[in-house]
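Colleague: Sequence and computational prediction follow.
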Amino acid sequence: MKLYLPYLLVVISTLVSALAQVGIKWKINESAVQAEGASYREILTSTLSASTFLLFFAIGVSFFLWVYALKDLSLSNAYSLTALSYIFVPLLSTLILHENLTLPFVVGSALILLGVVLCSY
């Protein structure tokens, strides 16, 4: 396997997992809005839909990519890349859920990115 491919698989795995997490949050928000005053059973029923299972399937794909990448990477190198989720999730939340980005987040993300780069070498 090419040297960069396992690293790319870990980054893709982390991104897919982050997208699924944001998707699950979006689905929960959507069902809570639609089910205002609904019982727990109605909320659960509206949340557990085909799209929710698709999001859980994405998490499974993410796991498969992670395991496949571990064939060629040490766990310490691979695991440091998963810190990118602390950047991906808030960025995707901003784009998809219209949450706010703050200056501390931007500074913290830069530090996380620096740490990931340092840990990868």
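Modeller: Noted; the coordinates are in hand. Residues are numbered from 1 along each chain as shown.

Colleague: Can you list the low-confidence ranges for this protein?
Modeller: 1, 32-36, 46 (pLDDT under 70).

Colleague: now the residue located most distally from the centre of the chain: how far from T45?
Modeller: Of all residues in the chain, G37 has its C-alpha farthest from the mean position, at 30.0 Å, by C-alpha atoms, centre = their mean. Computed as C-beta to C-beta, to the nearest Å, the G37 to T45 distance reads 15 Å. Any C-beta I mention is one placed from the backbone N, CA and C, and that applies to glycine too.

Colleague: likewise D72?
Modeller: Distance from D72 to T45, by C-beta to C-beta: 43 Å.

Colleague: repeat for F64
Modeller: The span separating F64 from T45 equals 29 Å under the rule C-beta to C-beta.

Colleague: repeat for F53
Modeller: 13 Å.

Colleague: Look at these two and report which has more neighbours.
Modeller: The residue with more neighbours, out of F53 and T45, is T45; 13 against 10, by other C-beta atoms under 10 Å.

Colleague: which SSE is that one in?
Modeller: helix 40-47 (DSSP states H and E).

Colleague: Next secondary structure after that helix?
Modeller: Taking DSSP H and E, what comes next after helix 40-47 is helix 50-70.

Colleague: Could you check that next one and say which residues are buried?
Modeller: 52, 55, 58-59, 62, 65-66, 69-70 (16 or more other C-beta atoms under 10 Å).

Colleague: From the residues you listed, pick the one nearest G23.
Modeller: Set against G23, the nearest of those by C-beta to C-beta is L55 (4.5 Å).

Colleague: Report whether the expected contact of the closest one with V22 is present.
Modeller: No - using C-beta atoms under 8 Å, L55 and V22 do not qualify as a contacting pair, with a distance of 9.2 Å.
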